[in-house]
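**Student:** the amino acid sequence is not available; the structure is as follows:
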């Protein structure tokens with residue numbers, strides 16, 4: 001390794017905090033990237049909206065923006081900038097295909113998110129074509145995920161938490177704690193490994209995809225296991241989104257109760273909005289509030305999980321001989337969580353609501369593209385046979401049982417808090 005690379009070899013977690021705040025700073029003070037259009041229903045939409053010259057120009061600018069940030073990150077970490085620059089165009093193109101598929105109106109109606117297409121495309125190419133080792137080594141999966149998580153902090157606004165209302169927060173707190181502990185206990189009973197236990201418990205109890213990603217980052221989890229959990233979350237959300245409103249109507253649940261039930265049970269925000277819309281305006285409003293109340297607990301959960309995991313899974317000689325000291329915990333603590341919290345504090349207390357509203361769509365788009373790039377990378381570096389072989393059906397059974405528990409507990413709490 002050259003002297004120059006050694007000199008610039010910053011820890012990955014600190015690098016993503018730096019990159020995340022560079023993106024935030026650019027958005028606030030220098031340049032606000034436009035949001036490209038991916039929504040389409042037919043071939044005419046593709047031609048006039050998606051492949052319109054103005055939209056292609058936005059995509060080109062976005063590409064240059066992302067590759068610049070990514071290359072700087074590779075430089076800071078000490079990875080090969082040359083290989084990153086050679087790899088990223090292919091990765092970006094594959095991710096655009098995933099976003100294009102997810103933008104179709106028929107796909108949107110069943111709420112299949114872009115990350116699942118990113119994963120599928122990556123898996124298909126990674127398993128049917130032999131990729132060069134330098135290509136695989138240049139993939140920056142963890143960096144992409146954690147940049148997205150730092151940017152996610154910009155959408156967790158403390159004033160919005162207060163607006164969510166005391167009932168929504170109470171329900172979120174009770175549901176998250178009870179469902180998380182039940183899933184954790186069930187995983188232990190069925191001897192599911194520790195990493196999957198943490199990811200499943202967080203995904204089923206807090207907010208699905210984002211919670212699984214944040215937890216995986218906090219415990220430095222295996223990306224293959226993360227992709228497995230994400231797949232379960234997204235596939236399970238579809239029948240829940242369709243059948244829960246039908247069940248609510250059949251049993252004539254009040255709209256307020258139905259909304260709280262949907263918001264507290266369904267794991268993805270898009271599916272919550274879709275299912276709430278099927279019931280009515282009141283159900284949509286309350287389901288969104290309850291879901292958001294759960295989402296805002298993500299930062300606290302990631303922090304708590306980070307401390308717990310660092311404290312209980314430290315394998316150093318010092319930790320083996322005695323309990324880890326605060327310095328050891330700090331050394332192993334995932335610093336991107338600090339970036340997430342700082343971004344949330346910045347946008348909650350130091351940025352005006354007008355400025356926040358002007359940048360939120362652009363930052364949300366950037367957050368989404370980093371996540372999508374990460375899942376394309378996970379697919380490319382994952383052998384599908386290994387993904388299936390290394391995971392028994394126990395994690396799936398745990399998730400389904402925990403989700404059933406979630407549905408029942410949330411309905412009881414929703415009736416208690418929102419029933420008239």
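**Tutor:** Arrived safely. The shown structure was predicted, so the numbers you read here are calculated from the model rather than taken from an experiment.

**Student:** leaving out sequence neighbours, find the closest residue to residue 253.
**Tutor:** Setting aside the residues directly before and after it, residue 253 is nearest to residue 261 in space (C-beta to C-beta, 6 or more residues apart in numbering), at 7.1 Å. All C-beta atoms are positioned from the backbone trio N, CA, C, and that covers glycine.

**Student:** now residue 104: closest residue in space that isn't a chain neighbour?
**Tutor:** residue 40 (6.1 Å).

**Student:** OK, contacts around the one you found?
**Tutor:** Shown in contact with residue 40 (C-beta atoms under 8 Å, 6 or more residues apart in numbering): 46, 49, 50, 100, 103, 104, 105.

**Student:** and these as JSON lines, adding pLDDT, distance to residue 343 and neighbour count?
**Tutor:** JSON lines is the format used below for those (pLDDT from 0 to 100; distance: C-beta to C-beta, whole Å; neighbours: other C-beta atoms under 10 Å):
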{"residue": "46", "pLDDT": "88", "distance to residue 343": "35", "neighbour count": "15"}
{"residue": "49", "pLDDT": "90", "distance to residue 343": "31", "neighbour count": "16"}
{"residue": "50", "pLDDT": "90", "distance to residue 343": "30", "neighbour count": "19"}
{"residue": "100", "pLDDT": "94", "distance to residue 343": "29", "neighbour count": "18"}
{"residue": "103", "pLDDT": "91", "distance to residue 343": "27", "neighbour count": "21"}
{"residue": "104", "pLDDT": "91", "distance to residue 343": "32", "neighbour count": "17"}
{"residue": "105", "pLDDT": "88", "distance to residue 343": "32", "neighbour count": "11"}
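
**Student:** related to what we said a few turns ago, the residue nearest to residue 253 contacts residue 414, correct?
**Tutor:** Yes - assessed by C-beta atoms under 8 Å, residue 261 is found in contact with residue 414 at 4.5 Å.

**Student:** tell me the contacts of residue 336?
**Tutor:** Listed by C-beta under 8 Å, 6+ apart, the contact set of residue 336 reads 13, 16, 17, 20, 146, 149, 150, 217.

**Student:** tell me the one of those nearest residue 255?
**Tutor:** Nearest to residue 255 among the contacts of residue 336 is residue 149, at 34.0 Å by C-beta to C-beta.

**Student:** just the element for the closest one, please.
**Tutor:** For residue 149, the element it lies in under DSSP states H and E is helix 141-152.

**Student:** contact partners for residue 69?
**Tutor:** Residue 69 makes contacts with 19, 22, 23, 147, as judged by C-beta under 8 Å, 6+ apart.

**Student:** which of these sit farthest apart?
**Tutor:** For these, the maximum inter-member distance is 9.7 Å, found between 22 and 147 (C-beta to C-beta).

**Student:** ok, those two, which is more surrounded?
**Tutor:** The neighbour comparison of residue 22 against residue 147 (other C-beta atoms under 10 Å) goes to residue 147, with 32 against 16.

**Student:** with adjacent residues omitted, what lies nearest to residue 75?
**Tutor:** Counting by C-beta to C-beta, 6+ apart, residue 75 lies nearest to residue 81, which is 5.2 Å off, once chain neighbours are set aside.

**Student:** does the one you found touch residue 70 like I think?
**Tutor:** No - counting by C-beta under 8 Å, residue 81 stays clear of residue 70, with 9.3 Å between them.

**Student:** tell me which of those two has more neighbours.
**Tutor:** For residue 81 versus residue 70, neighbours defined as other C-beta under 10 Å are more numerous around residue 70 (25 against 16).

**Student:** my read: that one touches residue 91, true?
**Tutor:** No - with contacts counted by C-beta under 8 Å, residue 70 stays clear of residue 91, the gap being 9.2 Å.

**Student:** now the residue nearest to residue 253: how far from residue 79?
**Tutor:** Distance, residue 261 to residue 79, using C-beta to C-beta, to the nearest Å: 46 Å.

**Student:** the more surrounded of the two?
**Tutor:** Taking neighbours as other C-beta under 10 Å, residue 261 and residue 79 compare with residue 261 leading, 30 against 20.

**Student:** spit out the contact partners of that one.
**Tutor:** For residue 261, the set of contacting residues under the criterion of C-beta under 8 Å, 6+ apart consists of 244, 248, 253, 287, 407, 410, 411, 414.

**Student:** give me the nearest residue to residue 182, chain neighbours excluded.
**Tutor:** residue 405 (5.2 Å).

**Student:** that neighbour: neighbouring residues, count only.
**Tutor:** Neighbours of residue 405 using other C-beta under 10 Å come to 17.

**Student:** tell me the SS of it?
**Tutor:** The three-state label given to residue 405 by DSSP: H, G, I helix; E, B strand; the rest coil is helix.

**Student:** and the pLDDT for it?
**Tutor:** We note a pLDDT of 94 for residue 405 in this prediction.

**Student:** quick revisit: of the contacts of residue 69, which is the nearest to residue 400?
**Tutor:** Taking those together and measuring to residue 400 by C-beta to C-beta, the closest member is residue 147, at 32.1 Å.
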